[in-house]
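Colleague: Quick check, what structure comes out for this input:
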Amino acid sequence: MPQSVLEMTKELVLAEIQAGSLLPEDMHDTARRVFESLMALKSREELESLIPIPVTDTAPVLVDWRKSITRQAVTCLECGQTLKQLSVRHLRQHDLDGRSYRAKYGIPGTQPLLARETLTKQRRIAAEVKPWEKSTAYMKAQKKKAAAAKKSGRKIKGR
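Modeller: Alright, predicted model coming up:
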């Protein structure tokens, strides 16, 4: 059986007195404030439970995400906008990120959210630029490899 507001007030005030954070002389004022706060919370809770929640009879529309990703463009399944890629910035407009967007529409986590042509272009550029070779960890490893080869008197492949 749920507690009444008066019982909750009594327990809260007694707990504060036992914890030493409330003097017994201040008990009446604190009890009155706690009681008023709890009553306000209770009335707000009751009001919210009276607000009707709209019930929709229509079933959610199942969308085939495969049709939204074409060679030239990607169609956002939230707003219908056609883009080269679904960027973090665009998804943020819908209060989503890549993971939640994929989960919402049943898209596998390995599926890029960009047009196939754009993906091909990005892969080609990455292969040409080789950004991993510019990282500090890669540079350190190459220096260690060169020093070890020099020390042993061997030649390094590719040089």
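Colleague: Can you name the next helix or strand after the helix ranked longest in the chain?
Modeller: Taking DSSP state H as the criterion, the chain has its longest helix at helix 27-50. Per DSSP states H and E, the first helix or strand lying C-terminal to helix 27-50 is strand 74-75.
Colleague: just to revisit the earlier point, what helices or strands is the longest helix of the chain leaning on?
Modeller: The helices and strands touching helix 27-50, judged by 3 or more Cβ pairs under 8 Å, 6 or more residues apart in numbering; DSSP states H and E, are helix 5-19. C-beta coordinates here come from the backbone N, C-alpha and C atoms, glycine included.
Colleague: So which residues make contact with the helix it packs on?
Modeller: 3, 22-24, 27, 30-31, 34-35, 38-39, 42 (Cβ atoms under 8 Å, 6 or more residues apart in numbering).
Colleague: What are the buried residues along that helix?
Modeller: Buried residues in helix 5-19, defined by neighbour count with 16 or more other Cβ atoms under 10 Å: 5, 9, 12-13, 16.
Colleague: average pLDDT for that helix?
Modeller: For helix 5-19, the mean per-residue pLDDT is 83.
Colleague: Same check on stretch 34-50?
Modeller: Stretch 34-50 comes out at a mean pLDDT of 79.
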